[in-house]
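**Student:** Generate a structure from the sequence data that follows.
(chains A, B and C)
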Amino acid sequence: MKITKEIINKHGLKNDEFKKIKELLNREPNFLELGIFSAMWNEHCSYKSSKIHLKTLPVKNKNVIQGPGENAGVIDIGGNDAIIFKIESHNHPSFIEPYQGAATGVGGILRDVFTMGARPIALLNSIHFGDVKNKKTKTLLNGVVSGIGGYGNCVGIPTVAGETKFHKTYNENILVNAMAVGHAKKDKIFYSKAKGINKSVVYVGSKTGRDGIHGASMASAEFDENSEEKKPTVQVGDPFTEKLLMEACLELMKDNSIISIQDMGAAGLTSSSVEMAFKGDLGLELNLDKVPCREENMTPYEMMLSESQERMLIILEDGKEDKAKKIFDKWDLDFVVIGKTTDTKNLILKFHNEVVANLPIAALSSNAPQYERKWKEKKLPIKNIKIKDFKKIKFDSAFFKVISSPNFSNKKWITEQYDQMVMCDTVQKSGADSSIIRIHGKKKAIAVAVDSSAIYCKSHPFSGGKQIVCENWRNLISVGAMPIAITNCLNFGNPEDPKIMGEFAECIKGIKSACEFLNYPVVSGNVSFYNGTNNKNIYPTPVIGGVGLINELKDPVKNNFQKEGSLILSIGKNFGHLTQSALFLEVFNYDDGPPPEANLLNERNNGENILKLIENNFINSIHDISSGGLIVTLAEMSINSSLGVKIKKPKSLSNLFEFFFSEDQGRYCIEIDKEKYDNVKKILQENNIFHEIIGVVQRDNFELEKELKISINDLYKINNEWYYNY
Amino acid sequence: MNSSVIVFPGSNCDRDIAVALEKSKFKNKMVWHKENELPKSDLIVIPGGFSYGDYLRSGAIAAKSNILKEVVKASKKGCLILGVCNGFQILIETGLLKGALLRNQNLRFLSKDVYLKVLNNENKFCNKYKSNELIKLNIAHNEGNYFTDQKHLESLEEKNLIAFKYCDKKGDILNDSNPNGSLNNIAGIFNEEKNILGMMPHPERMIEDILTNQDGMKLFNSLFN
Amino acid sequence: MKFSVTVTLKKDVLDPQGKVVEQTLKNMGTNSLIGIRQGKYFEVEINEKDETKAEKQINEMCNKLLVNTIIENFSIKRI
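**Tutor:** Okay, here's the model as predicted:
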């Protein structure tokens, strides 16, 4: 087949990229080779626009065993225990076919984790949908939620935490980010680096079909009106096979049969084989006649680019083939030796006794293009409008409006579709700042949380990037965990637009500054560009997934009110910051002005001392103060218990709205016994931490003097209704 | 006492059940579905999960496995058999228990803690519960909506073969406290001989205070004596 | 007027359910079995006298709701 300009463009390659391919090969590629290049050189696999920025992120602290660059990141949690985790996007497939898109997103991220030798112990997700009035939103919400549940429930991994947000920026481009967390023994971690020559390359798992051919290229192209036509490429997930594949891999990993292992994710057989060879500085020779195929007459092109799910590539030690095959037979999975490692440093593909492709590994990986794209800085918006400038509204109706809005409504409708208890180690289910998962059979536990704040990032990417790391860190602190490391999923628009590239570059700078200051490195992640349709880009939406450690799990601190009569304190200084707040957005529809600025020094100081207070049993319950402000925090602490609160009007700030709805950072709300107040006060003052007494826990009612009074039952009702009525 | 947990491809509560059995001092063995023989067992447990992905009908394919023939034989000899969630569905597909488990009334997967009333404590499974005791267990299923014909339903009630019913936190058995649409709020039933119990809620998830409560532990402690 | 609608998965789309059912039947000894694909069946009755018009309406129902045209095909038959 002649390679025309049209074919090159259809493969998402730019003309100068094709020129570079010819230079690297010293010839024209054939059609199959072009397909392989396009899969490896697209944004999704090559990180060509993001690499120079990602390199600046901190990736190490004393707990990090493996940072970015592997299937997932690995951290040390003491003893022989390691935690392996990563987050990944499946945005475009989920918009086209929400159930299967979300399901295969979960499947893919699970494989990234068990590929490295970990048994997955928790799933999390961050999902963003368009305006609730948009016609597509309801179907997408239903499909995505049942897809996430359908996959995780079936494999038997608890889905323990997540976030769901609605905003018109996602009308034509939803976000589905899934995170998996696994537990492994430190001395049994498996990597993708190939070693040794003439070793068997084994294909295991499901058969290859024509699913998702060029999915990775699809994920790297903007949508247009014709994207409906791209539909046939959506993959179908088979969680049952995933469960078998997981058990078979974990069984094989018990001894020393595996040299290296890699899951076939985006760009399937192509990227997995190139990855393994590249890391090992070796070549690979594959016989495509051996690839287990689901359909008849599949071509090498289809086999190499298929994104059929639930497949792995393994390089085995000599003589282990029979033993390994027995395990996969037991689980009714395909197991075929399809090739061997070589010293050629080339990827050689044979089909019907002919060499159909012969490409230097380096050309596909290290020689892939890297761009230093132009980017524009975004100035901090200075319009700092005051609440007094708006039409007067009653305090209680503003509060009810926020608490009953889709973004703030209780997510029970969603979380009840996820099995949160399977594996019997879920100590704290979703609904708290973080969820807590015990390490099976041990006293220690991890806390996990995912967060994003596109609104802040849109307004000022640097502040937003910094803030979201802080909020995630704070969420782990709030359950008594020491934050260790994060994974990030960076969802952005078209990087070829300098404005969008600027959002990316500055979010990264913000993330970097917070990660460095908080000693909270990035160990894995994923970049998703080209989120948008017809030049309408989504708001910059970096999603942060954090993992923290609870060394000795006794009675974990609660996130809801515990005792009638105890004191409620707010920790951290409140400056009454309202621009980009839930109050301004949900009630006044006003979205100008800067986001709140996270003060890293205060953030760390407040967090570290809160952790001490928790460890010394001073705190009955705690919740961080974030989106929605103090009043929403108090409401959530009430709704989740059956206790209300009697709030006093503040002395410090005159305006009630500013006091209760401000979204200043680094703050917490804690419930303590009255008798412990003097001790707590002393500790806070010694450490220069500002605090205020907000009120006391009482029965039945949620009230603020003459401004607001509602029974807990009614409060629960208005917070809980939206999803069930949607 | 000896227990066996049957493991199918796709079972995923097998480990959880084994932990509960060992906690109540059973000597437990895991039995792979391809086996043709059962180890010596006083109790056989068919755990929850998605055997064969729940494809075709939940439990239908697992019911055709080799080992299930042995389970049926053992049941005739009076061996105790407990099926939880997917295990209950399998017992139904095998014919060891009568009825059907339809899709939840709201057509959604449902995972939550529910209140149950223990209706019959004069049997090997529930003797550590008080009569009419109110307990809280966790459910997690897509197809837990128990259905049977009117005659059978009446006989279940008459012969006191209903182990648990869904109720509210006060113990009242109401429509509102029925999570999935089950007839008469049925959450678990016995066979006539009361050596087989099938139930949708997961007792193995309620055996520790740090996670939830210990309401499920009493079931395992009842079985072990 | 009454019609049947048969919905099948498109040829190249993975059918996890069919795959497992097929394997089980083979394990149970059905040696002649070549393959199984699972689908859905609807019976649709509509108030319309003109068969062409009726079929057009059902076609629309299929495209709008009954069928996920991304992964499924369908056929309509008068019964």
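**Student:** hey, let's count contacts and neighbours off CA atoms from now on
**Tutor:** Will do.
**Student:** Centre of the chain to the edge, which residue is at the far end?
**Tutor:** Since no chain was named, I'll use chain A. Largest separation from the mean C-alpha position in chain A: residue A:353, at 43.7 Å (C-alpha atoms, centre = their mean).
**Student:** look at chain C instead
**Tutor:** residue C:29 (26.9 Å).
**Student:** quick one: that residue from residue C:19, how far?
**Tutor:** 16 Å (C-alpha to C-alpha, to the nearest Å).
**Student:** Kindly report the same for residue A:562.
**Tutor:** Relative to residue C:19, and taking C-alpha to C-alpha, residue A:562 is found at 52 Å.
**Student:** Who has more neighbours out of these two?
**Tutor:** The residue with more neighbours, out of residue A:562 and residue C:19, is residue A:562; 19 against 15, by other C-alpha atoms under 10 Å in any protein chain shown.
**Student:** quick one on the thing from earlier: and the residue farthest from the centre of chain A, its phi and psi?
**Tutor:** Main-chain torsions, residue A:353, degrees, to the nearest 10: phi 60, psi 20.
**Student:** Local confidence estimate at it?
**Tutor:** Listed pLDDT for residue A:353 reads 95.
**Student:** same deal with residue A:221?
**Tutor:** Reported pLDDT at residue A:221 in the predicted model: 55.
**Student:** same check, this time on residue A:228
**Tutor:** Reading off the model, residue A:228 has pLDDT 42.
**Student:** Stretch A:36-55 spans what distance, first to last residue?
**Tutor:** End to end - C-alpha to C-alpha - stretch A:36-55 spans 26 Å.
**Student:** buried ones in it?
**Tutor:** By neighbour count with 16 or more other C-alpha atoms under 10 Å in any protein chain shown, stretch A:36-55 contains the buried residues A:36-50, A:54.
**Student:** Ok, stretch B:138-153 next?
**Tutor:** Buried residues in stretch B:138-153 (16+ other C-alpha under 10 Å): B:138-147, B:153.
**Student:** Equivalent analysis for stretch A:315-330, please.
**Tutor:** For stretch A:315-330, burial by neighbour count (16+ other C-alpha under 10 Å) applies to A:315-317, A:321, A:324-325, A:327-328.
**Student:** Using CSV, please lay out those together with secondary structure.
**Tutor:** Shown next, in CSV, are the buried residues of stretch A:315-330 (DSSP: H, G, I helix; E, B strand; the rest coil):
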residue, secondary structure
A:315, strand
A:316, strand
A:317, coil
A:321, helix
A:324, helix
A:325, helix
A:327, helix
A:328, helix
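**Student:** Closest to chain C out of those residues?
**Tutor:** residue A:328 (15.6 Å; C-alpha to the nearest C-alpha).
**Student:** The closest one reaches residue A:248, doesn't it?
**Tutor:** Yes: here residue A:328 reaches residue A:248: they are 5.9 Å apart, a contact under C-alpha atoms under 8 Å.
**Student:** Pull the contacting residues for residue 74.
**Tutor:** Chain wasn't specified; assuming chain A. A:64-67, A:82-85, A:523 (C-alpha atoms under 8 Å, 6 or more residues apart in numbering or on different chains).
**Student:** Correction: the question concerned chain C.
**Tutor:** C:5-8, C:62, C:67.
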